[in-house]
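> this is a predicted model, with the sequence first.
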Amino acid sequence: MMKDRLYLYDTTLRDGQQTQGVQFSAAEKRQIAATLDALGLDYIEGGWPGANPTDSEFFDARPQTRATFTAFGMTKRAGRSAGNDEVLAAVLNAGTPAVCLVGKTHDFHVTTALGITLDENLANIRDSIAHCVARGRETLFDAEHFFDGYRADPAYALACLRAAAEAGARWIVLCDTNGGTLPAEIGRITAAVIAAGIPGERLGIHSHNDTETAVAASLAAVDAGARQIQGTLNGLGERCGNANLTALIPTLLLKEPYASRFETGVTPAALRGLTRASRQLDDILNRVPLRSAAYVGASAFAHKAGLHASAIAKDPATYEHIDPALVGNTRIIPMSNQAGLSNLRARLAAAGIDGGADDGRLARILRLIKEREDRGYAYDGAQASFELLARRELGLLPDYFEVKRYRVTVERRKNKRDRMVTLSEAVVVVKIGGQKMLSVSESMDETGADRGPVNALAKALAKDLGPYQAAIDDMRLVDFKVRITQGGTEAVTRVIIDSEDGEGRRWSTVGVSANIVDASFEALLDAILWKLVRDGVTPA
């Protein structure tokens, strides 16, 4: 049976940039565009040419993509011709093969926000679309506030769509701009639009996540007959975000009835890069990836309960809806004070460790984990530290180096501009083989800002590890979390550090102490040791 083609339209670079606190540079836009193109998306919306200097710079040197590159703008303003509207001209001058024009379809917005007549708005839509089509551009019409408009005046909302269709728009995109329409109504109205004469092969859906249903709403529109989905990577977007493509793409490819009914431009090989693409975007934004994110989150395939882990060891399908490798993710069997031998064996096996048949040793590891968690450790969220603990108890941890001492100082002083600044400095002495090595580093970054004592300590520890340096040069700290686990004068500090290497691997380590610097150093040390072990580095 022939599958229907479903088209995926990404608006991360435009609608995603409207996320509070997000502002891409032109270079970052080019990097993200390359990632989106590698996934196999059909359209990449690059932004609004002329709306700001960054977008203008980006379109002046936009990347060449397999995906249809699209410039965004709005329909012409009333009182001038399409050929004499400078905003519309800027969109066309970007030279993209496709353009997407947003226009009003809610009578309230036409008369209140634009202050024009309903007929004038129809003329603006018709003339703008026709003008772009006449210049050889594939043209999309974003029907803004469509679902609100349809509820208020179905006849007028449909008239706006017909104006765009008759003018030659390839796609007419139904936008739930305020994000308040629930999936069932999205499906019903989309079906009504098709019944009114707008074919589903020309309909798209653009959902916002204000009711946490943008993905479900997009699927409802597809069920009703729409054949294009607009969304963003990691669900970026104004207010609560847009439909999340990192959830939509694997659902369409792996879940029925969509997997059997539709084909997209995303191949199984590209799908395996989804988790890395998601985390790359978070990295660009300097955000911590959402652990609970569907499909791509670090906890998406984590099995904490002993009952679950026991079943997973027999057959992963018992508690997993897909194989995590299909989306480039990994299974995690966390260790915690709820863990049993099933969790432990499964976690050791996942780490490539043979626990053997000696249940006495395994029981000792479990007892040690529970004792340490009583002291404030949290191995549930620090898998790398758990692995090191188990290897140490099983006699499988190589002896790479010994930390002889370290010191951190924090100084408050005036700089050459006579301004008070803080400077942290760290000294670390390690012994590798028979040789002692001393490293000194400070926390000042290239901007002259102080990054704190932990930053100085991390830089000093990783500055010169002699024969191991090449193995850790691509390491970097991506998140640093601190929690006080007890109150009062006997407070204990827990530090969890997330690290990443050049291959995109991420791992978490934990340190606990009454002193935040000691706790941080313990976690930093574990991060380096885990990298050496996982890379198979031989002790010097």
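Yep, it's here.

> how many neighbours does A458 have?
28 (other C-beta atoms under 10 Å). Every C-beta, even on glycine, is put in place using the N, C-alpha and C of the backbone.

> which other residues reach the helix or strand hosting it?
When elements are defined using DSSP states H and E, A458 is found to belong to helix 453-461. Under the contact criterion C-beta atoms under 8 Å, 6 or more residues apart in numbering, helix 453-461 has outside partners 406, 408, 410, 424-428, 439-443, 477, 480, 516-517, 520-521, 524-525, 528.

> starting at the chain centroid, how far to that helix?
Centroid displacement of helix 453-461 relative to its chain, using C-alpha atoms, centre = their mean, to the nearest Å, is 28 Å.

> name the helices or strands packed onto whichever helix or strand comes after it?
Moving toward the C-terminus from helix 453-461, the first helix or strand encountered (DSSP H and E) is helix 469-472. Under the contact criterion of 3 or more C-beta pairs under 8 Å, 6 or more residues apart in numbering; DSSP states H and E, the helices and strands touching helix 469-472 comprise helix 516-534.

> relative orientation of the helix it packs on and helix 453-461 in degrees?
40 degrees (axes from the mean of the first three to the mean of the last three C-alpha atoms, to 10 degrees).

> CA atoms only for helix 516-534, dumped as CSV, please.
As requested, the backbone C-alpha atoms of helix 516-534 are provided in CSV (Å, rounded to 0.1, in the frame of the first residue of the first chain):
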residue,chain,number,x,y,z
ILE,A,516,31.2,22.6,48.7
VAL,A,517,34.7,22.8,47.2
ASP,A,518,35.5,19.2,48.4
ALA,A,519,32.2,17.9,47.1
SER,A,520,32.9,19.6,43.7
PHE,A,521,36.4,18.2,43.5
GLU,A,522,35.1,14.7,44.2
ALA,A,523,32.6,14.9,41.4
LEU,A,524,35.2,16.5,39.0
LEU,A,525,37.6,13.7,39.8
ASP,A,526,35.0,11.0,39.1
ALA,A,527,34.2,12.7,35.8
ILE,A,528,37.8,12.4,34.6
LEU,A,529,38.2,8.9,35.8
TRP,A,530,35.1,7.7,34.1
LYS,A,531,36.2,9.2,30.8
LEU,A,532,39.6,7.4,31.0
VAL,A,533,37.9,4.1,31.9
ARG,A,534,35.3,4.4,29.1
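
> helices or strands up against that helix?
The helices and strands touching helix 516-534, judged by 3+ C-beta pairs under 8 Å, 6+ apart, are helix 383-393, strand 402-414, helix 453-461, helix 469-472, strand 476-484, strand 493-500, strand 506-513.

> list of residues touching the last one?
By that I understand strand 506-513. Judged by C-beta under 8 Å, 6+ apart, the contacts made with strand 506-513 from elsewhere in the structure are 279, 289, 298, 372, 375-379, 381-385, 388, 478, 485, 492-500, 518-527, 530-531, 534.

> where's the spatially most central residue of the chain relative to R30, distance?
The centroid of the chain falls nearest to S278 when counting by C-alpha atoms, centre = their mean (3.5 Å). Between S278 and R30 the computed distance is 18 Å (C-beta to C-beta, to the nearest Å).

> what ranges does the stretch 151-300 of the chain have for its helices?
Counting by DSSP state H, counting those that start in this stretch, the segments of the stretch 151-300 of the chain that form helices are 154-166, 183-195, 214-224, 245-254, 258-261, 268-271, 274-284.

> any idea which of these scores lowest on pLDDT?
Here the lowest mean pLDDT among the helices of the stretch 151-300 of the chain goes to helix 274-284, at a mean of 90.

> specify the angle between that helix and strand 506-513 in degrees.
Angle of helix 274-284 versus strand 506-513, following the same axes, to 10 degrees, is 60 degrees.

> got the angle for helix 274-284 vs helix 245-254?
With the same axes, to 10 degrees applied, the angle from helix 274-284 to helix 245-254 works out at 170 degrees.

> helices or strands up against helix 274-284?
When contacts are defined as 3+ C-beta pairs under 8 Å, 6+ apart, helix 274-284 sits against helix 26-39, helix 245-254.

> flag every buried residue along the longest one.
If you call a residue buried by 16 or more other C-beta atoms under 10 Å, then helix 26-39 has these buried ones: A26, E28, K29, R30, Q31, I32, A33, T35, L36, D37, L39.

> and the contacts of helix 453-461, which are buried?
Among the contacts of helix 453-461, those scoring as buried are 406, 408, 424-428, 439, 441-443, 477, 480, 516-517, 520-521, 524-525, 528 (criterion: 16+ other C-beta under 10 Å).

> before we move on, the earlier item: so the residue nearest to the centre of the chain versus A294, what's the distance?
The spacing between S278 and A294, counted by C-beta to C-beta, is 11 Å.

> where do the contact lists of the two overlap?
Counting by C-beta under 8 Å, 6+ apart, the contacts common to S278 and A294 are T246.

> so what does the residue located most distally from the centre of the chain have for phi and psi?
The outermost residue of the chain, judged by C-alpha distance from the chain's mean C-alpha position using C-alpha atoms, centre = their mean, is G434 at 45.0 Å. With angles defined as degrees, to the nearest 10, G434 shows backbone torsions of phi -110, psi 10.

> any chance of a PyMOL selection covering the buried ones in the contacts of strand 506-513?
The command below creates a PyMOL selection of those among those that count as buried (16+ other C-beta under 10 Å):
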select buried, resi 279+289+298+372+376+377+378+379+381+382+383+384+385+388+478+492+493+494+495+496+497+498+499+500+518+519+520+521+522+523+524+525+526+527+530+531+534
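
> list the helices and strands the host helix or strand of Y150 packs on?
Secondary-structure element containing Y150, defined by DSSP H and E: helix 146-152. Packed against helix 146-152 by the contact rule (3+ C-beta pairs under 8 Å, 6+ apart) you find helix 107-109, helix 154-166, strand 171-176, helix 183-195.

> follow-up on the earlier one: want to throw the helices of the stretch 151-300 of the chain into JSON lines with distance to A67?
Putting the helices of the stretch 151-300 of the chain into JSON lines (distance: least, C-beta to C-beta, whole Å) gives the following:
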{"stretch": "helix 154-166", "distance to A67": "23"}
{"stretch": "helix 183-195", "distance to A67": "24"}
{"stretch": "helix 214-224", "distance to A67": "19"}
{"stretch": "helix 245-254", "distance to A67": "13"}
{"stretch": "helix 258-261", "distance to A67": "21"}
{"stretch": "helix 268-271", "distance to A67": "12"}
{"stretch": "helix 274-284", "distance to A67": "14"}
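
> looking at the ones you listed, which is closest to R66?
helix 268-271 (11.2 Å; C-beta to C-beta).

> now that closest one: buried residues?
A270, L271.

> what about stretch 311-326, how long is it end to end?
With C-alpha to C-alpha, to the nearest Å as the measure, the first residue of stretch 311-326 is 21 Å from its last.
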